[in-house]
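Student: Sequence first, then the predicted structure:
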Amino acid sequence: MSSACSPGCGAEAAVDSLYPWLKAGHLVALISWMAAMLYLPRLFVYHASLAPGPHAAAQSETFKVMERRLLKAIMTPAMIATWIFGLILAWMSGYYAAGWLQAKVVLVLAMSGIHGWLARMVKDFAADRNTRGHKFYRILNEVPTLLMILIVILAAVKPSFG
């Protein structure tokens, strides 16, 4: 058996055939992350809106469970998977030096920072330390949306800078 390989076979072909699967994984992880990033602040709106009453404590405990599970079971694993797939794709595609990708990475870092801030808020609600009203969370809910729009535009259009 010859070790010589014509173009399009062997390791290069294997890597090329892997790329669409990695891209699909990136998109699935991204969609999961964004769904959670958009839903968690909405849960905070409802949690912060609880009126005092006989059922408020039980409702608050329900929200705490929902918030914690969303963060730990969906949001954080999806963020990690999005980063892993994205970094592999950037390396494989050679786009890592492109201005649009560098701008996208800055925005994804900002999204990751918002993720961390939301995680802190989950802990605050869990410890009954929330001091913000529902209006704050309604406004906060728009931040991931705006970042997501900008990130998708950069990824889809790939504008050249300069």
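Tutor: Arrived safely, thanks for sending.
Student: Tell me the pLDDT of Ser6.
Tutor: Ser6 carries a pLDDT value of 56.
Student: Leaving out chain neighbours, which residue sits closest to the residue most central in space within the chain?
Tutor: With the centre of the chain defined as its mean C-alpha position, the nearest residue by C-alpha atoms, centre = their mean is Trp33, 3.6 Å away. Nearest non-adjacent residue to Trp33, counting by C-beta to C-beta, 6 or more residues apart in numbering: Ala78, 3.8 Å away. Every residue, glycine included, has its C-beta placed from N, CA and C.
Student: looking at it, the one you found is touching Ala29, isn't it?
Tutor: Yes: when contacts are counted by C-beta atoms under 8 Å, Ala78 is listed as touching Ala29 (5.1 Å).
Student: Check which residues of the helix or strand of the chain with the lowest mean pLDDT are buried.
Tutor: Here the helix or strand of the chain ranked lowest by mean pLDDT, DSSP states H and E is helix 10-48, holding a mean of 93. Buried residues in helix 10-48, counting neighbours by 16 or more other C-beta atoms under 10 Å, are found at 22-23, 25-26, 29-30, 32-34, 36-37, 39-41, 43-45, 47-48.
Student: gap between Ile139 and Gly133?
Tutor: Distance from Ile139 to Gly133, counting by C-beta to C-beta, to the nearest Å: 10 Å.
Student: now the helix or strand hosting Gly116: how far from the chain's centre is it?
Tutor: Assigned by DSSP states H and E, Gly116 belongs to helix 99-126. With C-alpha atoms, centre = their mean, to the nearest Å as the basis, helix 99-126 stands 8 Å off its chain's centre.
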